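**Student:** structure for the following, please:
(2 chains)
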Amino acid sequence: MKKILTAKEVITQVKDGSSIMVGGFMVCGHPFTLMEELLKKNVKNLTIISNDAGFPDKGVGKLIVNGQVSHLIASHIGLNPIAGQKMNSGEMRVDLVPQGTLAERIRAKGAGLGGILTPTGVGTAVENGKEKKNINGRDYLLELPLGADFAFIKASIADKNGNCFIAKAAKNFNLIMAMAADYVVAEAEKIVEVGELDPDMVTVPSVFVKAIVKAEING
Amino acid sequence: MDDKELKRIRIAKRIAKEFKDGSIVNLGIGMPTLVANYIPSDKQVLFHSENGFIGLGPEPDKNSIDKDIVNAGGKPVTIVKGGCFFDSSMSFSIIRGGHLDYTVLGALEVDEEGNLANYMIPGKMVPGMGGAMDLVAGARNVIIAMEHTNKNGEPKILKKCTLPLTAKGEVDIIVTELAFIRVTKKGLVLEEIAEDTTVEEVIKNTQARLEVAGNLKRF
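**Tutor:** Numbers count the residues shown, from 1 in each chain, chains lettered A, B, ... in the order given. Next up is the predicted model:
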């Protein structure tokens, strides 16, 4: 059985300077409850790895507005204008990574790989400083694994062993992020007894999940 | 309907005719999204949404919004019959692995070598590339949907792109309100012109060299 914790108990473990992967795609499949608690605790100097900067008034976007994030690694920040302002003023370092590369770097970390070779970004600014390899006549960039201290993911249903079912398009980055961090917390809309979740319906195997939090905010 | 909207519809209609029956297509946000409205009824085309599904359908009515189904812009959408959901790693495996038949994107600039610039204007617009670099590097056919000139009336089809590239040499087809242009190893070939323009007008509004096809058609 995994620990079922409150959001507050989880966030107590986050320190200034922690790195956190946050699941979701434009706040679909996003751990809102844990984000609100992070906002309340006001931990600073966070490195956030997420697909995007969300919206200024929702989820991870609020942490950026509140000045808690010193380094953001994401593929897109266009729908959170404050993120752009903080990047331009130098207040927040932003590494923009092509979305598929971001996904594969995270997966590589979780899968024990030393990196991946991708054609994405060849001939663009993305290739600067990276090793290039030509394989069967095509150029590829070597992209390195990406991990974090924490991953906060969102599940539709978690059983008490930590197996998670994630519905529809809410899967997005949640599965691979669960593979790539030291301490993984699943924020679940519904928590069920062991045996109640059909093993065939498991999106995230329990092996990755350290703790479960009941979602209080779902949108 | 104003002139601008009519131009956009003309571009969307021409692109919609290009897809083969049974194609899987990814449409970028903005003008490319319009293409979905003009798919001929005798063809089945399924749309891929980068955040994690195939079978992207229209917006739902207010009462049937599902928070777990959004498009790449984070807006509520639906999934059509025969669709399927997957996570981000799978979504970009589909994109990069050459399993997507077409991607349709907007552009700031395109050039004679099929280079594309559409993700940033240094100092002004730096939203991040999102999935664009993966889409352009991975899709079998890259179609650019854009107005022929910028808002100052200057050409967007150039000898060489001046803005940071999204991808090098990956564009296959450019469709504007004036022209249907194919990118070939020998350069740009003007294959079709719009019903209300002339070859001279197209050339005047294009900086890149255009070779006029022997069997020039109208659309």
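**Student:** what kind of secondary structure is A:K40 in?
**Tutor:** Recorded secondary structure, A:K40: helix (DSSP: H, G, I helix; E, B strand; the rest coil).
**Student:** immediately after the lowest-mean-pLDDT helix or strand in chain B, which helix or strand?
**Tutor:** The helix or strand of chain B with the lowest confidence, counting by mean pLDDT, DSSP states H and E, is helix B:3-18 at a mean of 94. Next helix or strand after helix B:3-18 toward the C-terminus (DSSP states H and E): strand B:23-27.
**Student:** mind giving me the packing neighbours of that following strand?
**Tutor:** Under the contact criterion of 3 or more Cβ pairs under 8 Å, 6 or more residues apart in numbering or on different chains; DSSP states H and E, strand B:23-27 touches strand B:45-49, strand B:102-105. For glycine as for every other residue, the C-beta is placed from the backbone atoms N, C-alpha and C.
**Student:** buried residues, the least confident helix or strand of chain B. List them.
**Tutor:** Using 16 or more other Cβ atoms under 10 Å in any protein chain shown as the test for burial, helix B:3-18 gives B:K7, B:R8, B:I9, B:R10, B:I11, B:A12, B:K13, B:R14, B:I15, B:A16, B:E18.
**Student:** filter those residues down to the ones close to chain A.
**Tutor:** Among the buried residues of helix B:3-18, not one lies near chain A by Cβ under 8 Å from any Cβ of the partner chain.
**Student:** format these as JSON lines; extra columns: distance to A:K154.
**Tutor:** Shown next, in JSON lines, are the buried residues of helix B:3-18 (distance: Cβ to Cβ, whole Å):
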{"residue": "B:K7", "distance to A:K154": "41"}
{"residue": "B:R8", "distance to A:K154": "36"}
{"residue": "B:I9", "distance to A:K154": "38"}
{"residue": "B:R10", "distance to A:K154": "42"}
{"residue": "B:I11", "distance to A:K154": "38"}
{"residue": "B:A12", "distance to A:K154": "35"}
{"residue": "B:K13", "distance to A:K154": "40"}
{"residue": "B:R14", "distance to A:K154": "41"}
{"residue": "B:I15", "distance to A:K154": "36"}
{"residue": "B:A16", "distance to A:K154": "36"}
{"residue": "B:E18", "distance to A:K154": "38"}
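**Student:** and which of those is nearest chain A?
**Tutor:** Within those, distances to chain A taken as Cβ to the nearest Cβ reach their minimum at B:R8, with 20.7 Å.
**Student:** distance of the closest one from B:D111?
**Tutor:** In this view, B:R8 and B:D111 are 23 Å apart by Cβ to Cβ, to the nearest Å.
**Student:** and if you look at B:L163?
**Tutor:** 10 Å.
**Student:** nice, that's everything, thank you.
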